[in-house]
Structures are given as structure tokens and as C-alpha cells.
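> Provided below for reference: sequence and predicted model.
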Amino acid sequence: MFSKKIIARDIAAISAAVLLAPVSYAQSDFVLEEVVVTAQKRTESVQDVPIAISAVSEAVLIKTGVNNVTALIPMVPGLTGSSEGVATNTWAIRGISTNDWSTGSEPSVGVFFDDAYIGRNSLATGAFFDISSVEVVKGPQGTLFGRNSSVGAISITSNKPGDETSFLLGLKAGNEGQEEYDLMANLAISDQFALRAAYYGSRLEGIWDDVVQGEEGYTDTDSFRVMARWNPTETLEALLTYSYSELDSNMNGIYNPALSIVEPGEEFPDKIARSQKNREENETDGINLRLTWHLNDSLTLTSITDARSYDYNYAQDLDGTADDAAIDAALGGVTGGVSLEFQTNPNEQDSISQEFRLNGSTDNLDWFVGASYFNEDVDEGTYLKLHDTEFGIGLLAEDVIKTEGETESLGIYGDVTWSVNESWSVTGGVRWSQDEKDWCTQSWAGLGLSGGTTPGQLCDDDKWSETTPRLVVDYTFNEDVMLFASVSRGYKGGGFNPGAIDTTGDFMGDTVASFDPETNTAYELGLKSTLLDGRMRLNGSVYYNDYEDLQVATANISGIVIENAAAAETKGLELEVNYMPLPGLTLTANYAYLDAEFTEGELDGNDLAYAPENTYSVSADYELDVSVGTVGLFGMYNWQDDFYFDGANILSEDNYGLLSARLTFTPVSENWDLSLAGDNLTDEDYAALRIDLGLETGVDINRGMPRLVRVEFNLYF
């Protein structure tokens, strides 16, 4: 049992070891590069911020080949999850995730792009290129970031137009049809005006071959961003950004190893067979205007206006097999051969947000106050179809659910840090949040597997509000060591179930059911330390989170229903170490221990989904100067414990580790570089998702990526 006493003991031991560490080293002529973050809405060293933050720089993103949030997981202790497709993701921080992707609910992990809230994970797929940094901030972040950040936030910051004209051309090619293209142009037109345009394209084809559909597994993405920076005066800056992305893939969905007609029983086959085509299409665009006024030396006013939209279509062979006779038998016998297909079309979202924030400082106070507004309109149609494949009849029956909804969210917040003296600081913050949702649904139940038919469109509305404070006390022993303790509250808004439920027993959908917000009380004790004359950073945290009214998807006679059915506790330990023993060599390691379980309801005592008990990552980065340039060597190994995909603890994945590496040559001129890179070099087999449809036909799988090797060339001018 990972008790509070053990947590306190462990952090105390770490702190004592740091405080008593020898300090007799001579001043080094090489040190770790400072990591700068903006989590507290001001630029600070990560070592001075009394929050558990994992910051990943642009250089690290390039060396690791990371091009999406899911790929960040190995580098961030406490971040877990997986991707079923390119735009269908589950991300968890310290054991809490969202197990429903419908438009009626929202993610538990807040994602922010250039300080603007992204309401849906699908909108994050096109943001991950030409990135300056990514900050994963753990624990409730309502005051610092905003809505639906009860477990933490992922903040993505893009590169801004710079003061010098520059260009980049990047090309990558590898096995499994890998192709990637990077283009960037930064134009410094004048001292006051600059433009930056970036494009990213990615192709992948050949992970598996569907012998029935006659196509290989593929993903095709294109994204671009244009940003203009205007400084009409020394105190005013305007940043205007337009972004667009589109993707087309058939890598979503699942296959059924037990019912495979080409490689039966093989969990990770080269060939699969499905009766229906899988498709995932996502188109997003957005515009963002950020205005920053430096009113005087101590006051800054910021306005962030953001509008985004997406159009998402999804189709999958739900049973994951071309053995349609087996599916027919599992359904009790229909025509002798049937196939189940799931579709969403359309799935559209439009959102707009506005935030005003005033930052100020005095000799011993740093503070900010602000207000935010978020509006979202969603429109979705979902279809569960039963096709006959024995006689060529085609569509036999279908369940249809059409939903539309509007969300309005308001937030008022403030945060202040008081430097009591050179050693002690106290931070207090509070946020008031209000969410109001209007929701309409209409169902046609030809199959009866997704709820009952409704007598026309059913509509309802609901409103929730919550006040969430935070309190942090930190003590600086010297300029290199800080200890902090915090208590905070988190809040995630309520929502609606997509389908209507049957409350009268007549098999008709008659009620739109809402579910309430979930809340979190979090306690944390943390350490920030810089050792060995700046050549080592050792940061750690222990935490305890108490969740109430956890939103959980459960099944009843009317289908899948989201309810406030459970309470949960998560507690654990996280450590991050960076060490530079020699000039040019940086060693990094992180470790997370997590104990996350339900404490009430039918799932009492079960582990939460995507909550491995132990995870760790180690890496080495070495740059060697030679007569004609620089040779860079980078390697990383990450490992995670076994974990469950579901709260019922039925579907699990065994522990596994992934190895990646990169060899880079950069000439003395530094105007180009050439790399050989590889991911999952040991070709480890693992599942990104396992699900059971309840048809007693076995477990369906979406596989993780196999070994990928590529050559990369970048030209800078």
C-alpha cells in the first residue's frame, strides 16, 4: 500500500540527500541548458516554478521524432494513454483519462495551443509541427490554464516569427512507405513586422495488408500555419495566426485475431481481412489573434481570441473480421453471413474563445487576474449498421443517433505569489467556472443495440458551476534547491449522453440524461534542485488525488450511458534527472510510480484504465566535434508496466519497452544535417487498444507501430 506516510518519507529522503550532497566541485565550464516555461503566465526557469512540469524543447522533439501528443508519453512521467487512430486519442495524467469520445462529453486532460483552449483532441492533430516547446503541467490547473484541466494540462507553443530571415527544407524517407516533408520560411520584413509560414506533410503505408479490401494500412496528413507579428510600438505586439490541417487514414479501428481468415490466432499479423473499409478523415482550421500591451514596467495586458472548427468522419468494420458467418452465428443467426459497421458522419465542431488577462508585479508580488469565455457548437451523426454479405442484400438494419449541442463556458480567475522573504513564498489562486449546455438528440433503433427510438427530437439543458482554489508554499534552501507543498481543487464540466434512455420500459428513448461535473482534491509535495555546479537537475514529486463523481461509461438496456458512478484515488511518485557528466554528453532518466484505483461503486478496488504501476525512460545524447563538423548520437529506451484498457479490468496489455535512436552529422557550416533514425528498433509487438464487443468472438486489437527506420535531411538557409 502506497500510503501518505510512505509518500512523505520518500520525498523527505530525497530532500535530505540533495541538501547533504557534496558541494566541493570546482566551477564547471559546461552546464545544462536552462529550461524556460510559461506555466504561471510569465517567463521563468522551470526550477523556480513550484509545480510539477515536464517541459520538452524543440531540440528534443526533433531528436526523438515526436510529431503528436501520444508520442510524448515516454518522456513525461505521469503521462499515459494511446491512440486508436490519428485523431482518436486517449491521454491520461496521473491515471485519469476520458473513456468516451462522443461529443456529449469532453476530455479530462486540457490541451492548449498558444495559450488557447482546444476543446477536442481531434483539433490537436494538426498543431504538432514547427513547435517551440511542449509543457505538460500536472495536477489541477484551473487557475493557470482553464476549463477541463482537473488532472493537468498539455500546453503546445509554436515558433513565432523571428527577427532574422531564414528558411528550412526537410525531407524524410523510410520503410513502411514513410515520407515526411518540412518547409518553413521566416521573413523579417522590417523591425516592426515579420511573417512565418510552415508546412508539414506525412505519409505512411504498409503496416499491414487488408487482403479483402485490397489496400495497405496508410496515413496521409498535410498541415500548414501562417503567422504574422506586428510591433507598431515598443509596448504593443500583435500575433495573428491561421492554421489548417487535413488527414486521411485507414489505420483506425480494430481487427479480430481469433476470426482472421488469413492468419488466424496471430495477434500482430502482416495480413488482415475485414468486410468493411475503415476510414478516418479529419479537417481542421483555426485563427488566433494575440495582443500584448506592456502598459508600464510592471503591468501587462493580454488578449487572446481564438476560433476553430473541425469536420471529422469515421468508419470502421466494428467486428474486425471477414469471417461473417461467425459474426452471424454470434448474433443468433440472421442470413448466414453479416458484418457490423460503425460510422460517424457528420461530426462537426465550431468553437470560439476569448480571454483577457492582466499581469502585474511589485518587489515581492507577482500576480495576474483574468476572465475567459468559450462557446462550442457540435453536430454529430452516429450509425451502427448491420450488413448482409451472404446473399448480397446489403444493409439490413441500422441504429442512428443524431445529436447537436451548444456549450457556453465562463471563467474568472486570479493568482498571486507573495515572496515573504528570500526563502519563503506563498502562492494563492482561485477560479470560478460556469458551464451551460443545450443538448438535442434523436434516435432511430432499427437494431436496438444503441438505445431506443425517440418520438422526434428530444432536447434538454443544464448548468453547472464550481469554485476551485489552489494554495502553494515553497521554501528555497539556496539558489539551487527548492521544496514546495500544494493543495488544489480541480473541476471538469458535466455533459449529456448522446442517445436517449428508456425510463418507462417500453423500449423507446424518452429522456436525455445529463451527468454532473467531476471534481478533484489534490495534494502534492515536490522538489526542484540543480546540483554539481549546474551539471545535474533532480526534480521529484509525490502526490495524492481524491476524485469525486468520476464520469464513467457503463452499459444498460438502452446502450452505453455515462454516469457519475464512481470515486477514485490516485497517488504516486515522479522523478526526473538530467546529468551532464562530460561536455557534449547529457544523460536523462525519469520514473513514475502510480497507484490508481476506484474507491466506490461497482468498480470499487479496480485499477483505472491506462494506469501502469511503473514506467521509466532513459536516454543519452552525445555530440562529438570532429574536424569536418559534429556527430550527434541519441538513444532512448522507455518501458511501462502492464495496464488495463478498461475500468472493469478485463482487457490488459503486458509490460513492454521501446528503443529508439538517431545518428546525425552536421558540417562546420551548419547549413544542413543528415540523420539516420529509428523507432521501436527491437520491433516490439504491442497493442494500442484492445476491446471486447461482447459477442463472445474474442478480443479485437489495434496494433502499435512496428520498427520504423528512416533517413532525414534538413537544409537551412
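Done, it's in. Only a predicted model underlies this, so the values are computations on that prediction, with no experimental measurement involved.

> could you say which helix or strand contains Thr417?
strand 394-419 (DSSP states H and E).

> Now do that strand, average pLDDT.
The average pLDDT for strand 394-419 rounds to 94.

> Can you name the element that comes right after that strand?
strand 424-445.

> Just the CA atoms of that next one, as PDB, please.
Written as PDB, here are the backbone C-alpha positions of strand 424-445 (Å, rounded to 0.1, in the frame of the first residue of the first chain):
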ATOM      1  CA  TRP A 424       9.700  31.600   1.700                       C
ATOM      2  CA  SER A 425       7.000  32.200  -0.900                       C
ATOM      3  CA  VAL A 426       3.200  31.600  -0.800                       C
ATOM      4  CA  THR A 427       1.000  31.300  -3.900                       C
ATOM      5  CA  GLY A 428      -2.800  31.500  -3.800                       C
ATOM      6  CA  GLY A 429      -5.200  31.300  -6.700                       C
ATOM      7  CA  VAL A 430      -8.900  30.800  -7.300                       C
ATOM      8  CA  ARG A 431     -11.100  30.200 -10.400                       C
ATOM      9  CA  TRP A 432     -14.900  30.400 -10.700                       C
ATOM     10  CA  SER A 433     -16.200  28.300 -13.600                       C
ATOM     11  CA  GLN A 434     -19.600  28.000 -15.100                       C
ATOM     12  CA  ASP A 435     -20.600  25.600 -17.900                       C
ATOM     13  CA  GLU A 436     -24.000  25.700 -19.600                       C
ATOM     14  CA  LYS A 437     -25.000  23.100 -22.200                       C
ATOM     15  CA  ASP A 438     -28.000  22.800 -24.500                       C
ATOM     16  CA  TRP A 439     -28.400  19.400 -26.000                       C
ATOM     17  CA  CYS A 440     -30.700  17.700 -28.500                       C
ATOM     18  CA  THR A 441     -30.800  14.100 -29.700                       C
ATOM     19  CA  GLN A 442     -32.900  12.000 -32.000                       C
ATOM     20  CA  SER A 443     -32.700   8.200 -32.500                       C
ATOM     21  CA  TRP A 444     -33.900   5.500 -34.800                       C
ATOM     22  CA  ALA A 445     -33.400   2.000 -33.400                       C
END
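
> Relative to that strand, what are the paired strands and their orientations?
strand 394-419 (antiparallel), strand 458-478 (antiparallel) (DSSP bridges).

> residues of that strand that come out buried?
Buried residues in strand 424-445, counting neighbours by 16 or more other CB atoms under 10 Å, are found at 425, 427-433, 435-445. Every residue, glycine included, has its C-beta placed from N, CA and C.

> Also stretch 691-703?
For stretch 691-703, using 16+ other CB under 10 Å, the buried residues are 691, 693, 695, 697-703.

> Just put those in JSON lines and tack on distance to Ser108 and secondary structure.
Output for the buried residues of stretch 691-703, formatted as JSON lines (distance: CB to CB, whole Å; DSSP: H, G, I helix; E, B strand; the rest coil):
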{"residue": "Ile691", "distance to Ser108": "20", "secondary structure": "strand"}
{"residue": "Leu693", "distance to Ser108": "25", "secondary structure": "coil"}
{"residue": "Leu695", "distance to Ser108": "29", "secondary structure": "coil"}
{"residue": "Thr697", "distance to Ser108": "31", "secondary structure": "coil"}
{"residue": "Gly698", "distance to Ser108": "30", "secondary structure": "coil"}
{"residue": "Val699", "distance to Ser108": "25", "secondary structure": "coil"}
{"residue": "Asp700", "distance to Ser108": "24", "secondary structure": "strand"}
{"residue": "Ile701", "distance to Ser108": "25", "secondary structure": "strand"}
{"residue": "Asn702", "distance to Ser108": "21", "secondary structure": "strand"}
{"residue": "Arg703", "distance to Ser108": "25", "secondary structure": "strand"}
